[in-house]
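Colleague: curious how this folds, go ahead:
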Amino acid sequence: MHPTAYAAFYCLFVWWFSTGLIVFLNNLPARTFRFSFGAFTAVAAVSLYRLAAGSHDTSLAGAYAAFTYGVLVWGWHEMAFFMGFLTGPRKTACRHGCHGAAHFRHGVEACIDHELAILGTGVAVLWATWGAPNQIGTWTFMILWGMRLSAKLNVFLGVLNLGEAFLPKHLTYLLSFMRRRWMNWLMPFSLVGGSVLTLWLSRLSAAPGLSPAQSAGLVFLITMSALAVLEHALLVLPLPFTALWTWWLRKPIAEPATARQKFFASFFQKRSPSFLLPLRGEP
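Modeller: Model (predicted):
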């Protein structure tokens, strides 16, 4: 198998396994959260240190390590949010009928602490690796950050698949900031932007004279960028994407089957513009 194929498979496995592990831990009883989060905090701290210390390692192993450390540092933020340790000052649902600027402000209040923590970590990663030859971990973190921020905005504006199955009970109030729609105005820009980034990175990977570490590093970034595009597409496609992590969940997945049925019904209606409208009457 070609070395770049190994890098792509490794990236896919890390993405799938790390997501599933966080989903599994987030769905354990709340009494386990402190232990899980404490242990992962130690792992993330070591990963951040190693990410900085290994930024001058230009070997193939250094590229794999930097990518892995970048994912682990990002995973800490995901766990902190979904376990409820780092969300925002607002812990209640938005009132029914709230819309416009006030609704957006309330949504920001529900997750602002998390976003500020990511910003601080991003600045720390940039500072720790600035000017170093191995930037794989830094760019891995940045792609994950951009992917998640874009996904949050799209879910706020409206998508078909909200991923309710992954939302722990203590965060169900966040559903009041989500809309179920077939499409929103931001999604095409997210898909095009992610695709352009993937194609640009692919073009860089085709340049002659790249070292094995550089090639592997670019494959990691290409794969993560392509996964970002795929994840955004799955938000608006009538597909059970949560099945990828079914066996990680301790509870059955509550797929929005009625939403998919409505999709196909409206899709086959001649000259029906209903695919542009919300599935339900949220503002």
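
Colleague: run through the helices of the chain in chain order.
Modeller: Defined through DSSP state H, the helices belonging to the chain, from first to last, are 3-26, 33-53, 60-82, 100-129, 136-157, 187-205, 212-235, 257-267.

Colleague: ok, which of those helices comes nearest residue 173?
Modeller: Counting by CB to CB, residue 173 lies closest to helix 100-129 out of the helices of the chain; the figure is 7.5 Å. In this view, the C-beta of every residue, glycine as well, is placed from N, C-alpha and C.

Colleague: which other helices and strands contact the closest one?
Modeller: Packed against helix 100-129, as judged by 3 or more CB pairs under 8 Å, 6 or more residues apart in numbering; DSSP states H and E, are the following elements: helix 33-53, helix 60-82, helix 136-157.

Colleague: the second one - what's its average pLDDT?
Modeller: Read it as helix 60-82. On average, the pLDDT along helix 60-82 is 97.

Colleague: how far does it sit from its chain's centre?
Modeller: Mean-position distance between helix 60-82 and its chain equals 12 Å (CA atoms, centre = their mean, to the nearest Å).

Colleague: before we move on, the earlier item: give me whichever of the helices and strands packed on helix 100-129 is most buried.
Modeller: With neighbours defined by mean count of other CB atoms under 10 Å, none of these is more surrounded on average than helix 60-82, at a mean of 22.

Colleague: which strands or helices does that helix pack on?
Modeller: Using 3+ CB pairs under 8 Å, 6+ apart as the contact criterion, the secondary-structure elements in contact with helix 60-82 are helix 3-26, helix 33-53, helix 100-129, helix 136-157, helix 212-235.

Colleague: and the angle for the longest one with helix 60-82?
Modeller: Angular relation of helix 100-129 and helix 60-82 on a 0 to 180 degree scale: 150 degrees, by axes from the mean of the first three to the mean of the last three CA atoms, to 10 degrees.

Colleague: buried set for helix 100-129?
Modeller: Neighbour counts using 16 or more other CB atoms under 10 Å place 103, 106-107, 109-111, 113-115, 117-118, 121-122, 125, 128-129 of helix 100-129 among the buried residues.
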